[in-house]
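**Q** predicted model and sequence below, questions to follow.
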Amino acid sequence: MKLQGFKGFTILTLGQLISMVGSSMTQFGLGIWIWEKTGNATPFSIIAVCFMVPNLLFSPIAGTLIDRWPKKRGLILPDLSAGLITVLLIVLFTSNHLNLPILYVGAFFSGMFNSLQWPAYSVTITLLIKKEELVRANGLHSICETAPALISPILAGSLIPLIGLPGIFTFDLVTLLVAIGSVLLVFIPEQRQEEEEEEEQKKEHRSIWQDSLFGFSYIFGRLPLLGVLSVFLLTNFFGGFSQTLFAPMILAKSDNSSVVLGIVQSSFGIGGIAGGLMMTLWGGTRKKIVSLLLGIMLTGVGSILLGVSKSLPMFIVSVLLIAITMVMSNASSQAIWQSSVPVNLQGRVFSARRFIAQFVGIFPMALSGPLVDKILTPLFQEGVLIAKLFGVGKGGAIGFLASIGGILTILVTIIAFLSPFIMNVEKVKR
């Protein structure tokens with residue numbers, strides 16, 4: 001007998017957590033390898049863009065497929081593709097043929113298949129969990145997104161000297177198989193019974209391309225939802241310049257210490273777990289939009305602190321604040337959308353929502369590395385006033401971008417709090 005309801009959701013979450021630990025270990029190891037090989041921030045930007053662009057471009061089609069396919073297919077395919085890429089990494093690294101262009105291509109294909117996973121999991125949560133428990137369920141699910149930042153650096157940092165990168169890749173492969181197994185153990189209803197007949201009749205008259213555009217028309221026809229989405233669009237843009245270069249910033253400010261990087265990334269995981277537990281137990285404010293905007297504002301405060309941080313204690317404090325409040329805003333946002341959009345439309349609408357919110361983030365991802373390497377770094381020399389505040393060299397330049405992004409994020413949330421249009425988003429008609 002297959003598990004369902006909250007028990008099934010728990011099994012899915014556990015499988016996803018294990019898989020993401022393995023993937024994060026691979027990312028940690030590759031990040032160290034790239035920094036040691038190049039010493040530049042630009043490769044991190046290129047990899048981020050190579051992952052994000054196909055993720056966004058394929059997301060409208062992915063959402064359509066999720067609404068049409070059995071949900072398990074959308075959950076399993078990304079793990080299968082990631083497994084094939086991991087096998088390729090093992091072969092290339094052990095034969096001394098691994099290089100940056102290959103990583104760029106791998107990031108592209110990972111992003112393409114990953115476009116299926118987020119809408120598939122979002123719809124699955126709605127199908128398995130009662131409406132009144134959505135914020136708590138999203139808070140619990142956020143733990144599997146943030147806990148790897150705690151577990152993975154510790155595991156990867158201790159195992160790399162023993163088993164090397166090929167061993168890390170192999171561990172990642174095993175965790176992907178665990179995730180696939182957890183999906184197979186759970187019963188996931190395709191959609192709520194009262195919506196099945198109507199939705200099947202509509203599908204007969206729509207092409208996949210028409211369905212791909214439906215999510216956009218749905219959002220633009222409900223302006224309060226579009227207003228909330230615009231807040232995420234702007235904050236993703238402001239924060240994208242520094243988020244892409246988080247690892248290089250910590251390494252540059254810590255004299256290339258992988259130990260400090262591991263501790264800081266682990267602190268992010270601790271904050272994410274704390275935020276997930278907080279939202280699971282608390283459930284957020286009565287009006288979800290309040291906890292959403294408050295979370296974004298406090299994330300901006302954390303970004304300002306991170307930018308000016310130069311010591312490990314300050315890194316930890318700022319990262320904890322960012323992690324906790326990101327979970328707070330994301331869990332509240334998910335609950336608003338899951339409550340406002342009929343479940344049979346969520347794959348398309350959520351994919352369109354993600355495309356709109358993250359599209360502009362491609363530009364800071366692409367520009368941040370060259371901006372730091374070619375333009376900003378010369379301004380952050382020893383003895384210069386701005387370097388005294390943010391740090392010297394590339395670390396100071398990236399810190400400057402983090403603080404500026406935090407300030408602009410706070411301004412956006414203040415405007416949103418003053419907008420009755422956005423504050424009444426939970427009254428939007430389905």
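**A** Here it is on my side, so go on. Residues are numbered from 1 along each chain as shown.

**Q** what mean pLDDT does stretch 144-159 get?
**A** For stretch 144-159, the mean per-residue pLDDT is 79.

**Q** no wait, stretch 368-379
**A** Averaged across stretch 368-379, pLDDT comes to 88.

**Q** over to stretch 96-112?
**A** Per-residue scores along stretch 96-112 average to 92.

**Q** residues in contact with it?
**A** 30, 34, 37-38, 43, 46-48, 50-55, 58, 81-82, 85, 88-89, 92 (CB atoms under 8 Å, 6 or more residues apart in numbering). All C-beta spots, glycine's among them, are computed from the backbone N, C-alpha and C.

**Q** among these, which are located in helices?
**A** Counting by DSSP state H, the part of the contacts of stretch 96-112 found in helices is 30, 34, 37-38, 43, 46-48, 50-55, 81-82, 85, 88-89, 92.

**Q** now, of the residues you listed, which are buried?
**A** The neighbour-count criterion (16 or more other CB atoms under 10 Å) marks 30, 34, 43, 46-48, 50-55, 81-82, 85, 88-89, 92 among those as buried.

**Q** for Thr409, which non-adjacent residue is closest in space?
**A** Distance criterion CB to CB, 6 or more residues apart in numbering; nearest residue to Thr409, sequence neighbours excluded, is Gly300 at 3.4 Å.

**Q** do the same with Leu213
**A** In space, Leu213 is closest to Pro60, 6.9 Å off (CB to CB, 6+ apart).

**Q** how about the one you found, what does it touch?
**A** By CB under 8 Å, 6+ apart, the contact list for Pro60 reads Ser212, Leu213, Gly215, Phe216, Arg348, Ser351, Ala352, Phe355.

**Q** just to check, the residue nearest to Thr409 is in contact with Ile414?
**A** No - using CB atoms under 8 Å, Gly300 makes no contact with Ile414, being 9.9 Å away.

**Q** with neighbour numbers in mind, choose between these two.
**A** A direct count of neighbours by other CB atoms under 10 Å for Gly300 and Ile414 places Gly300 higher, at 26 against 13.

**Q** element containing the more buried one?
**A** Following DSSP states H and E, the helix or strand that holds Gly300 is helix 288-308.

**Q** list the buried residues of that helix.
**A** Applying 16+ other CB under 10 Å to helix 288-308 flags 288-289, 291-308 as buried.

**Q** from Ile386, how far off is Phe315?
**A** For Phe315, the distance to Ile386 equals 20 Å [CB to CB, to the nearest Å].

**Q** repeat that for Ser368.
**A** On the measure of CB to CB, Ser368 and Ile386 end up 18 Å apart.

**Q** the two - which one has more neighbours?
**A** Ranked by neighbour count (other CB under 10 Å), Ser368 and Ile386 place Ser368 first, with 27 against 14.

**Q** just to check, that one is in contact with Ala41?
**A** Yes - under the criterion of CB under 8 Å, Ser368 makes contact with Ala41 at 7.2 Å.

**Q** who touches both of the two?
**A** Leu245, Ile398.

**Q** residues of the host helix or strand of Leu261 that come out buried?
**A** Following DSSP H and E, one finds Leu261 within helix 258-282. Judged by neighbour count (16+ other CB under 10 Å), helix 258-282 contains these buried residues: 258, 260-280.

**Q** also compute the angle for that helix relative to helix 288-308, please.
**A** For helix 258-282 against helix 288-308, the angle by axes from the mean of the first three to the mean of the last three CA atoms, to 10 degrees is 160 degrees.

**Q** same question for helix 258-282, mean pLDDT?
**A** Averaged across helix 258-282, the pLDDT comes to 86.

**Q** which intervals of this protein have sub-threshold pLDDT?
**A** For the chain, applying pLDDT under 70 flags the ranges 1, 190-207, 428-430.

**Q** please report the distance of Lys37 from Thr26.
**A** 16 Å.

**Q** try Gly8
**A** 28 Å.

**Q** what of Lys287?
**A** Using CB to CB, Lys287 is found at 40 Å from Thr26.

**Q** cool, and Asn114?
**A** 14 Å.

**Q** over to Ser212?
**A** Ser212 is 31 Å from Thr26, by CB to CB.

**Q** swap in Phe268?
**A** 17 Å.
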